[in-house]
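A.B. asks: dropping a prediction and its sequence here:
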Amino acid sequence: MPDADTQVVLVDGCRTPFRRAGTDYADLISYDLARSVLKGISVRNALDVTQVDAVIMGSVIQNPSTSNIARDAALAAGFPNTVVAYTLTMACISSSRAIADGMNLIKSGQAEIVIAGGVEMLSDVPIGFKKEVRKKFFEARKYSSPLQYARFLKGLRSSDLLPRAPEIAEYSTGEAMGESADKLAAGFGVSREAQDAFALRSHQLAARATQDGKLVPEICPIAVPPSFKALRDDNTIRTDTSMERLSKLAPAFVKPFGTVTAGNSSPLTDGAAATLLMSEDRALELGYQPKAILREQVFVAQDPNEELLLGPAYAVPTVLDRLGLSFTDLEVIEVHEAFAGQVLAVLAALESETFAREKLARTSKVADIELDRVNRWGGSISLGHPFGATGARLMTTATNRLWAEDGHFALVTSCAAGGLGYATIVERYGA
Amino acid sequence: MSDLVLEIQDGVAVVWLDTADSRVNTVTRTMIDDLATTLNRIESESELKGAVLISRKAKNFLAGADIRLFEEFRSKQEVHATIRRGQALLNRLESLKKPVVAAIHGACMGGGLELALACHYRLASLDRSTKFALPEVKLGLLPGFGGTQRLPRLIGLQRGLELILSGKNVFPYPARKMGLVDALIHHQGLLTAAKRAVLELAEGRLKRVKRARLTLSELLLERTPLANLVYSKAVETVQQETRGHYPAPGKIIEAVRTGMEKGVEAGLIAEATHFAELVFTLESKALIHLFFAKNAAEKSPYKGLAHRIDVMGVLGAGFMGSGIAHVSAQRGFDVLLKDRSLDLAAQGKGNLYRELTRRVGKGMTRFERDQIAERVSLVETDTSLRGAGLIIEVVPENLELKRQVLRDVEAVASSELVFASNTSALPIEAIARDAVHPGRVLGMHYFSPVSKMPLLEIVKAEKTEDRALATAVEVGLKQGKTVIIVNDSPGFYTTRVLSFMSFEVFQLLKEGADAKVIDQAMVDFGFPVGPITLADEVGLDVGAEITSFFKEAFTGRVVDDDTSKRLVEAGYKGRKSGRGFYRYRDGRKLKEIDTSIYRFFGGKDRKGVATEEIQERLSMIMINEAVRCFQEGVITSPRDGDVGAVFGLGFPPFLGGPFWHIDQLGARVVVGAMERLAQERGERFKPTALLTEMAEEGKSFYPT
């Protein structure tokens, strides 16, 4: 029965170690990682998987043979046939959407236990052909004589047959995402130095958090073929980087005068993450100690041309208003770091009176940012950004930080391709 | 009761195979009689276009003849006549003017396959349970209802011979490929398709498949005088593999050859004649004994008492530990795998993953591999084991270490936890000394490599509760193991019998026997590997530990002048150290003995011990020790003793196990031999009391 008072709690969250694309996970396909994280979160919570109502996974660049990866991975991870599983895609907030769906299912009484997460394997993107060639392949299925095959080649240049990888670019505008970030940073007057400094900060914080064992609770160790070496941390963190090194990198997208470089962007990453969500009653009944209450979530959409990565600047004030909270109430802030320039632009927008007046129809700015509250254990630039998994990682980290820092409310916010944006507020359980 | 039920559907006789009061269909007298009548009806009723043979049982087409059928026969003539009648019936089926289609779902074995082979068309379901085999050879027999004739004609001489000689299973896709079946379909559509096949065959629209498509080289080799090569090669291989101990394979080759060279009828007569001879051989009787003994060891004596286990822990991820994790995960258990470090546990998982991967494409899909491998989770702390209902420790054979592991686990485990030690010799009682719940501690002794060796020796200590025992048995059976339950004592049953044999091997070496001759002698005797090779594989250090342990446990019975200890001190630890009885290069065993090891056994000069003496001394020592274990109550039945020795130690199957072997030789003969050996070679050969008693009273272990 739907019950307006049903609280949705996060019991646990975990992820695989995040590894640079093409490194330790190079022999896998995405469902291998998805399976591993589903099994990992079940085993470490001694969860009776027959009790799970749904498994929801986010994924962006899909392997065509496992397009409903949630289902394939859940079956392989030993979930019973009767557990519903689906996959959704919403760019870099895919697993945030998965969590939101899980929350809605529980709130509306349709489910009591949901695993929501996501996965991305940028080591194994589907390589395709251009449309003309694909059309010919389709026609070739009916060929029966060698002569007909000759027709296949007619009108084709050999270069047409070159396979091509999908681009990380906006379909509607044709703009590479790095280009948009470059544009956005420039628009808010974010300098190259500021971006490099933010990237350095991200790496340093992630390195320290790793060293201090802060990330241990969120990582499920994994051992994968061919080496079966036990992996327990991320290989995305550049412990040896410096302002000097960062400043030497050439712009990656807007050449030669742009400011976004490989050094101040998030790297191509493989990884999976999952959260275990339950209704509060069910969690307590099963003897779990919930970590957080999922309070409110907001999804927004902006013009992909002008404000592709500015979604958080719109979503954050909305989610605060809904709960009647102000920015100062947020002890823990986790912002997705697609690009340092994008994060700094978003923060600048939140601190801008003009932006508040012109874009948000507010009388005053949303926030005064205390950077110390933001991404204290590193972010996507240093920990990596497996598109479909990042949302679940942010949620997990925010929750763990609430406990480690004795905070009350945490904000998680993220931009996403398509001009989409997201913000959510969680409350430490029992706070 | 009738075992065949005929229904008329769409002008087709649908003949349901349905053995009364049985879970599976078997060839019974009733069924044979029913088949004859059924054929009459099909032939005479003009509105019937043909027939479909199909099973009413869930996952079983026809499992072949009931083995017990042959136990009733008293003479070769009787068997011969019965076989000939069966053959004639199948000949009639084959020559029927109306088409008969075998619609096969589930196991189609032995006589069941021979029935299908006599049909005009074979349609099989794609179900996992569908498989074909002529397994008679495993019972020391040959297929007697035309299998040796029709199979090679259908799928080719070489492939046909291979299937009959190995008795192995063929699954639907390969069966289609080799021409054993004509078409495949999902189980759901089997009957409808079979009826359609009958009608189309009757109207001549569907071509009957006459014979397999052979490659050019196969045609050359099989359809010309060159076929001689195939037969001589087969004879050679059989001789090499059986060492002349098993008569069936040779007879199979003869029957096939007779048929191919002199025609089907001559072949069928040869088949019947050989079958009648084989039924009465000691080898066949021993193999049939083992078949029943093994089946009995695959049922729990504690039905319903077991605690349900979903998650189990395995402590130790080495070769043995990962093997246990492998067979457990494969049968659906969730396994928590732990070792001293996460890296070691991960390597263990890697090993089982690689072993699984070798089977992908051979009856296992990638997805199934993933599913099995994912059931094995790596854990780092004892607290992570709290969800496990059963924990099996596979840590090194050190009493203190095992006690410590048990203490650590008990501190965090669920209150129902059953703790099993995989020790091969240490008393369970000693391991459980400080346990909070000694009633839930027992032994689960697996054999290496776990995924291939069928035996599991479960050890019951005095305090072990039945519920814990029942749980272990249930897990073992689910893992696909053949289980014997033995009472706690040093070395239990298998290690004890093996060790006393090994002590005698050292004795032989000291007397000047050649190590390679010892190995060869025992392989010729019928063991799969010789005792010297085995010692190197197990590890001479492990042997040394057991020796010193047995010296204390069996005071006065172990003659050892510290040779085993000195071997280890000098670095001879067997294969793993690259130094043992055999020479090793890059971890690979070479064929020659490292003669430097002879300095521990009286020098390089080997004056030699006769093969017959080696065989007699080693087999008698084993047999005597096996009986002593029974006498002392370590094993509780001769059947367990036979199953344990054959499936755990490789005791020659054609002898049926030590107890069966004694019965065949007669206790008096055995005692006589032992007493002679005791006089010539020492007290250790003195027959054990029970054996002497049986000899005096003329008793046997099994009812005669």
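C.D. replies: Yep, it's here.

A.B. asks: residues of chain A that sit close to chain B?
C.D. replies: Proximity of chain A to chain B (CB under 8 Å from any CB of the partner chain) is limited to residues A:32, A:35-36, A:39-40, A:43-44, A:46, A:72, A:75-78, A:221, A:223, A:225, A:227-230, A:232. The way it works is simple: take the backbone N, C-alpha and C, and place the C-beta from them, glycine included.

A.B. asks: one more time with 7 Å
C.D. replies: Taking CB under 7 Å from any CB of the partner chain as the criterion, chain A approaches chain B at residues A:35, A:39, A:43, A:46, A:76-78, A:221, A:223, A:225, A:228-230.

A.B. asks: just those: which are in helices?
C.D. replies: Here DSSP state H is the test, and the residues of chain A next to chain B give A:Arg35, A:Lys39, A:Val43, A:Ala76 as lying in helices.

A.B. asks: contacting residues for the second one?
C.D. replies: So the one you mean is A:Lys39. By CB atoms under 7 Å, 6 or more residues apart in numbering or on different chains, the contact set of A:Lys39 is A:Ala77, A:Gly78, B:Glu374, B:Ser377.

A.B. asks: nearest to A:Pro126 among those?
C.D. replies: Closest approach to A:Pro126 among the contacts of A:Lys39 (CB to CB): A:Ala77, at 22.8 Å.

A.B. asks: look up phi and psi at the closest one.
C.D. replies: phi -90, psi 10 (degrees, to the nearest 10).

A.B. asks: surely it and B:Arg375 touch.
C.D. replies: No - if you go by CB atoms under 7 Å, A:Ala77 and B:Arg375 don't touch, sitting 8.9 Å apart.

A.B. asks: so between these two, which is more surrounded?
C.D. replies: When neighbours are counted by other CB atoms under 10 Å in any protein chain shown, A:Ala77 comes out ahead of the other of A:Ala77 and B:Arg375, with 25 against 22.

A.B. asks: how much space separates the more buried one from B:Asp334?
C.D. replies: 11 Å (CB to CB, to the nearest Å).

A.B. asks: any quick PyMOL command for the buried ones out of the contacts of A:Lys39?
C.D. replies: Remark: buried members of these, expressed as a PyMOL selection using 16 or more other CB atoms under 10 Å in any protein chain shown:
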select buried, (chain A and resi 77+78) or (chain B and resi 374+377)
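
A.B. asks: turn the contacts of A:Lys39 into CSV, including pLDDT.
C.D. replies: Output for the contacts of A:Lys39, formatted as CSV (pLDDT from 0 to 100):
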residue, pLDDT
A:Ala77, 97
A:Gly78, 96
B:Glu374, 97
B:Ser377, 97
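
A.B. asks: in strands only, show me the contacts of A:Lys39.
C.D. replies: Under the assignment DSSP state E, these contribute B:Ser377 to strands.

A.B. asks: and the residue of chain A that's closest to chain B?
C.D. replies: Using CB to the nearest CB, the closest approach of chain A to chain B is made by A:Phe228 at 2.8 Å.

A.B. asks: so the residue lying closest to that residue once chain neighbours are set aside: helix, strand or coil?
C.D. replies: Of all residues not flanking A:Phe228 in the chain, B:Gly350 sits nearest, at 2.8 Å (CB to CB, 6 or more residues apart in numbering or on different chains). Following DSSP: H, G, I helix; E, B strand; the rest coil, we place B:Gly350 in the helix state.

A.B. asks: do the same with B:Leu442
C.D. replies: Per three-state DSSP, B:Leu442 ends up strand.

A.B. asks: residue ranges in chain A under the pLDDT threshold?
C.D. replies: Applying pLDDT under 70 to chain A flags residues A:1-4.

A.B. asks: the helices in it, which residues?
C.D. replies: A:30-44, A:69-76, A:94-107, A:131-140, A:146-153, A:177-187, A:192-211, A:243-248, A:280-285, A:311-323, A:340-350, A:353-360, A:380-383, A:390-404.

A.B. asks: hey, which of these is tucked in deepest?
C.D. replies: helix A:380-383 (a mean of 31; mean count of other CB atoms under 10 Å in any protein chain shown).

A.B. asks: figure out how far that helix is from the centre of its chain.
C.D. replies: With CA atoms, centre = their mean, to the nearest Å as the basis, helix A:380-383 stands 11 Å off its chain's centre.

A.B. asks: and if you look at stretch B:629-640?
C.D. replies: With CA atoms, centre = their mean, you get 21 Å for stretch B:629-640.
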